[in-house]
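Peer 1: Quick one, what's the 3D model for this:
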Amino acid sequence: MSFLILAAFVAPARAEDAPPAEAEPAQAPAEPAPAEPAPVPSVDEAALFGEAPPADPTTAPDATDFGETTIAETTTSDIASRLGLADERLTVGGKLYLRATAAVSEDTDAEDTAYSSPNLLDLFTDVRPNDRVRGFAQARLRADFTVVEGDTDSFGNELEPNSVTLDQLWLKFDAGHLVYITAGRQRIKWGSGRFWNPTDFMNQTTLDALNATAFDERTGVTLLKVHVPIESIGANLYAVGNFDGADTLGTIGGALRTEWVLGPSELALTAAAREGDPLRLGADYSAAVGPFDLHAEAAFRHGDETPTYKGSWDIATFEFPDKVDRSDEWIPELAAGAELGVKVNDEDTVYIGAEYFYNGAGYEDAGLYPYLAFVGEFTPFYLGRHYVGAYVAVPSPGNWDDTSFTLSHLTNLSDESHATRVDASTRLNTFLSVNAYGQVSYGENGEFHFSIDVDPVPGVIPDGISLPAPIATFGVGAMVNF
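Peer 2: I've put the predicted structure just below:
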């Protein structure tokens with residue numbers, strides 16, 4: 001059995017963390033339909049498992065006659081053909097990603113600089129008995145070599161040195177080449193934005209807008225996805241059942257999505273609902289206009305019971321902000337951006353892009369950020385009301401065909417904090433790639449330059465809380481695909 005070799009090159013224009021894709025209809029950007037399946041050769045089960053039929057002693061090479069039984073030598077080509085037959089149906093592989101990061105903070109001595117080593121190991125099995133059926137399973141091991149049992153973060157939450165997560169476990173098949181079904185825990189991403197995806201309704205966690213340039217660490221969601229491509233009009237229809245965390249029939253969620261190819265543009269409309277979650281409606285549009293690639297996403301949610309806070313917080317005087325109920329409102333989110341490819345020479349292109357994000361549930365300033373962190377509702381990239389992001393991507397410059405560079409910048413316009421990051425990655429050989437990044441945080445005391453200083457309160461916070469603002473973060477990583 002051979003291993004599946006996955007390319008390890010990390011570049012802005014590539015997404016290599018998903019399992020190998022299978023062909024589906026190419027009319028719309030989602031999941032193109034598989035081509036007409038080729039005839040599957042009949043399998044001689046006896047030969048496959050080493051029980052070869054008796055050979056003719058007059059033709060078998062190096063045959064030995066034991067009366068009525070003839071034993072023929074198994075040649076190297078016989079073994080190779082049997083392993084090759086099995087290898088067409090089963091692939092085993094994975095990804096090992098070792099990382100080390102250091103975070104420099106204000107008013108912190110060099111020897112007290114925070115260091116961490118969050119490492120990942122993904123192992124998968126990919127089963128394809130024929131062109132129309134596929135099963136996939138992937139598990140993820142997280143191991144931070146710098147954490148020991150009993151360690152806690154600044155807010156007293158216990159840290160885990162090691163954890164194992166089921167990332168993906170799904171079965172995909174079609175019915176008459178008309179309907180394509182994927183059932184189980186699977187990765188999914190909706191929306192065309194680079195930094196923000198307000199229409200990505202199925203994921204329970206939001207995208208890490210800066211780190212996703214190197215690696216999107218989100219794992220799969222338990223879904224039943226039914227896909228109906230309509231090639232004649234360039235459309236894809238989806239019905240999705242959301243079983244993630246559901247323990248009764250009433251807690252199963254659902255979504256409907258349609259995607260249309262309209263000349264040089266694509267339009268998607270989505271609706272999602274689930275007991276305990278708000279009703280979500282969204283539209284996603286992307287188009288090529290001259291030299292620009294434009295994209296926009298708009299999402300509205302109604303019945304959101306997540307509280308918004310108003311007022312101030314002073315734990316020393318037991319002053320707490322008031323909860324504001326917005327469940328009767330339609331809360332909007334909007335992301336829009338553009339990308340321009342600038343051709344430097346016949347072989348090199350530099351991509352320049354910018355994106356704006358409006359978050360209707362965000363805060364106009366950073367006054368309540370410490371309280372949100374204290375109650376576990378500090379959600380990075382979705383705290384402020386207004387954001388802007390920009391990037392410059394340089395894939396394979398000159399004769400550095402296996403190297404890429406990306407410069408990214410985010411600003412929380414509501415609290416006037418900023419983060420700028422540079423990523424570089426290179427592939428050393430077929431299996432190994434390395435990456436490095438540096439990030440600086442600056443501006444006002446806000447989301448990207450966040451600090452907390454709470455004095456001790458007897459019986460409540462005996463030691464107080466002190467979290468210095470970050471200045472710079474550096475990281476290196478090595479990724480092996482096998």
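Peer 1: the helices in this structure, which residues?
Peer 2: All helices of the chain, identified by DSSP state H, fall at 45-48, 76-87, 369-374.
Peer 1: Now do the domain split for the chain, please.
Peer 2: 46-88, 89-481 (automatic domain parsing).
Peer 1: what's the least confident stretch among these?
Peer 2: In terms of average pLDDT, domain 46-88 trails the rest of the domains of the chain, at a mean of 49.
Peer 1: residues contacting Leu210?
Peer 2: Contacts for Leu210 were tallied using Cβ atoms under 8 Å, 6 or more residues apart in numbering; they are Ser408, Leu410, Ala419, Arg421, Gln439. For the C-beta atoms, the positions are set from N, CA and C on the backbone; glycine is no exception.
Peer 1: Measure how buried the last one is and give me the count.
Peer 2: Read that as Gln439. Close neighbours of Gln439, defined as other Cβ atoms under 10 Å, add up to 21.
Peer 1: so who does the residue lying closest to it once chain neighbours are set aside touch?
Peer 2: Nearest residue to Gln439, sequence neighbours excluded (Cβ to Cβ, 6 or more residues apart in numbering): Arg421, at 4.1 Å. When contacts are counted by Cβ under 8 Å, 6+ apart, Arg421 is found next to Leu210, Thr213, Leu407, Ser408, His409, Tyr437, Gly438, Gln439, Val440.
Peer 1: Can you name the two of the residues you listed that sit furthest apart?
Peer 2: Using Cβ to Cβ, the two most remote members of the contacts of Arg421 are Thr213 and Val440, lying 15.5 Å apart.
Peer 1: more neighbours, these two?
Peer 2: Neighbours around Thr213 and Val440, counted as other Cβ under 10 Å, are more numerous at Thr213. The numbers are 25 against 17.
Peer 1: From Leu141, how far out is Ile315?
Peer 2: Distance of Ile315 to Leu141, given as Cβ to Cβ, to the nearest Å: 38 Å.
Peer 1: Ok, Glu329 next?
Peer 2: Glu329 is 42 Å from Leu141, by Cβ to Cβ.
Peer 1: Likewise for His227?
Peer 2: 31 Å.
Peer 1: who's more crowded, these two?
Peer 2: Neighbour count, other Cβ under 10 Å: between His227 and Leu141, His227 has more, with 23 against 15.
Peer 1: wait, what's in contact with the closest residue to Ser417 other than its chain neighbours?
Peer 2: Closest residue to Ser417 apart from its sequence neighbours, by Cβ to Cβ, 6+ apart: Gly446 at 3.2 Å. Neighbour list for Gly446: Ala366, Tyr369, Gly384, Asn412, Ser414, Asp415, Glu416, Ser417 [criterion: Cβ under 8 Å, 6+ apart].
Peer 1: Inside strands: which ones of the residues you listed?
Peer 2: With DSSP state E as the criterion, strands contain Asn412, Ser417 from among the contacts of Gly446.
Peer 1: Could you work out the most separated pair of the contacts of Gly446?
Peer 2: Tyr369 and Glu416 (12.9 Å).
Peer 1: Against Thr108, how distant is the residue nearest the centre of the chain?
Peer 2: Geometric centre of the chain, nearest residue: Asp216, 3.7 Å, by Cα atoms, centre = their mean. Using Cβ to Cβ, Asp216 is found at 30 Å from Thr108.
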